[in-house]
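J.: predicted coordinates and the sequence they were generated for:
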Number of protein chains: 2
Amino acid sequence: MGVMAKRRENVLPVEAKIPEEKVSKEQAILEAAEQEFLDKGLEAAKTTTIASSAGVTHAMLHYYYRTKENLFDKIFEMKVSLLKDSLFTSFDNPGMPFLEKMQCGIESHFDFIRAHPGLPRFVINELLFKPKRLKLFESKIKKGVDCVIAKISEDMEEEVRKGTVNRIDPATLIIDVVSLNVFVFVAMPLLRTFAFEPYGTEDAFFEARKKENVEIMMRRLKK
Amino acid sequence: MGVMAKRRENVLPVEAKIPEEKVSKEQAILEAAEQEFLDKGLEAAKTTTIASSAGVTHAMLHYYYRTKENLFDKIFEMKVSLLKDSLFTSFDNPGMPFLEKMQCGIESHFDFIRAHPGLPRFVINELLFKPKRLKLFESKIKKGVDCVIAKISEDMEEEVRKGTVNRIDPATLIIDVVSLNVFVFVAMPLLRTFAFEPYGTEDAFFEARKKENVEIMMRRLKK
DNA sequence: ATTATCTATAGATCTATAGATAATGC
DNA sequence: ATTATCTATAGATCTATAGATAATGC
């Protein structure tokens, strides 16, 4: 164990002169790991596979990241903070009418997942169904979630008074949106066969889905 | 390889006298395997773990099922035929008005997943994202899916003529329903923290979700 | 001096089978 | 005779580290 103290600290270099090779190897491992972990999950992923697809010897992976778990944690942290950011930027558009706010939120949430199509499966397998990591995640987002819900509730109440919107439990509303937005990305391989054809391109299909999701939710909300 | 011929055939005994112990061991392995494979997937599941949680020696697992893949395939087949059945029973209620048919379909599809809450994740990981198995599955359901879509299309067209229903692409409609119905089950661990409390019991929560999903889709469909 | 890199290998784990023995069914 | 069961172990794979050597930065 004593030898570990010699290990290089994993701090990203921020100086002017970035040693090309050095960054590139460490980074290559991280990127290969991301791919492998998102695809297979912690247990099924192999450090040997990661190393070889990063084009480095296997020992290098352990030199930079010491253990498989450690490397995984790095990826996990990245994904969690990504999730957190999306949650609080998508549904935070102050000074907009409620329904517009909802539409914006749905669309930007959809676009976020579109930009990270592998994320839902990773979250399901490595976060939701691993109690230890789930607890960690929950404690990190609890406050933010309560805040988002409170805001939606407040806005909605105002519209309800005006008689323009149906009252729905905000948590139910969020589950509706997330269900509709997330599902297509985990079902994508099947949809490619059964639903893509009429649209021609993936992009056209996804745009149509986004529109459909907004449409559904507007009909759900509007009086 | 020659020794394999001696292996007992895996045919479920249908005679009157069921040898208690015998069935019980083979079955115990199958059940433990189901649990392990649904939870961890093919690669991360271990035959040693399966054997020990079935309460048999490791060698017995290989005696009855020869290889890990073989055992997995048994579980996989079971789940695929379960899926197939659900698809064609949920959305096949002849002689009902269209909207009632949809409501019944949504509810029985929801109840099916409720009865098999681990299935969605298994399908996502072991079916949708494993091209070989996906191809096999697609070829098995292609005809049925086309048939269901054709029927929905026909029924809907009639209502559209009567002016009672909005025209929607049937595939889009199905994706809407499945998205709403499936998502809560994969997100369950998180929802337990953020959405269960107001409902008291899991059952109450799920009943509310089912109702919400029907509500959403009726509003989407009704003119 | 410190950091990066490689080769070799220890040690753990896992799949699968061989080979011996006990139980069961004619 | 066939089926079921166990112990022991071969062989593969995987994580992790030791130890040697090359490259880099004062």
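T.: The structure has been received and is ready for your questions. Treat the numbers as computed from the prediction; the structure is a model and nothing was measured. Numbers count the residues shown, from 1 in each chain, chains lettered A, B, ... in the order given.

J.: for the rest of this, base every contact and every neighbour count on C-alpha atoms.
T.: Will do.

J.: could I get the pLDDT score of A:Arg167?
T.: Note for A:Arg167: predicted pLDDT of 97.

J.: now it. Nearest residue, chain neighbours left out?
T.: Spatial nearest neighbour of A:Arg167, excluding adjacent residues (Cα to Cα, 6 or more residues apart in numbering or on different chains): A:Val160 at 6.2 Å.

J.: tell me if I'm right that that neighbour and A:Asn166 touch.
T.: Yes: between A:Val160 and A:Asn166 there is a contact under Cα atoms under 8 Å: 6.3 Å.

J.: list the contacts for A:Phe129?
T.: The contact partners of A:Phe129, by Cα atoms under 8 Å, 6 or more residues apart in numbering or on different chains, come to B:Pro189.

J.: do the same with A:Pro170
T.: A:149, A:152-153.

J.: doesn't A:Ser24 make contact with A:Val56?
T.: No: judged on Cα under 8 Å, A:Val56 makes no contact with A:Ser24 at a distance of 10.6 Å.

J.: the two: which has the busier surroundings?
T.: A:Val56 (16 against 13; other Cα atoms under 10 Å in any protein chain shown).

J.: just say helix, strand or coil for that one.
T.: Here A:Val56 is recorded as coil under DSSP: H, G, I helix; E, B strand; the rest coil.

J.: could you check how far the residue lying closest to it once chain neighbours are set aside is from chain B?
T.: Nearest residue to A:Val56, sequence neighbours excluded (Cα to Cα, 6+ apart): A:Lys25, at 7.3 Å. Here the criterion is Cα to the nearest Cα, to the nearest Å. By it, A:Lys25 lies 28 Å from chain B.

J.: wait, is A:Lys25 part of a helix?
T.: Yes: assignment of A:Lys25 by three-state DSSP places it within a helix.

J.: that one and A:His58: what is the separation?
T.: 12 Å (Cα to Cα, to the nearest Å).

J.: for A:Lys210, report the pLDDT, please.
T.: 98.

J.: brain fart, A:Phe72
T.: 98.

J.: is it in contact with A:Leu42, as I believe?
T.: Yes: taking Cα under 8 Å as the definition, A:Phe72 is a contact partner of A:Leu42 at 6.9 Å.

J.: quick one: average pLDDT of the longest helix anywhere in chain A?
T.: The longest helix of chain A (DSSP state H) is helix A:131-162. Regarding helix A:131-162, the rounded mean pLDDT is 95.

J.: rewinding a little: how many neighbouring residues does the residue nearest to A:Val56 have?
T.: 17.

J.: for A:Ala28, same thing?
T.: Neighbour number of A:Ala28 under other Cα under 10 Å is 19.
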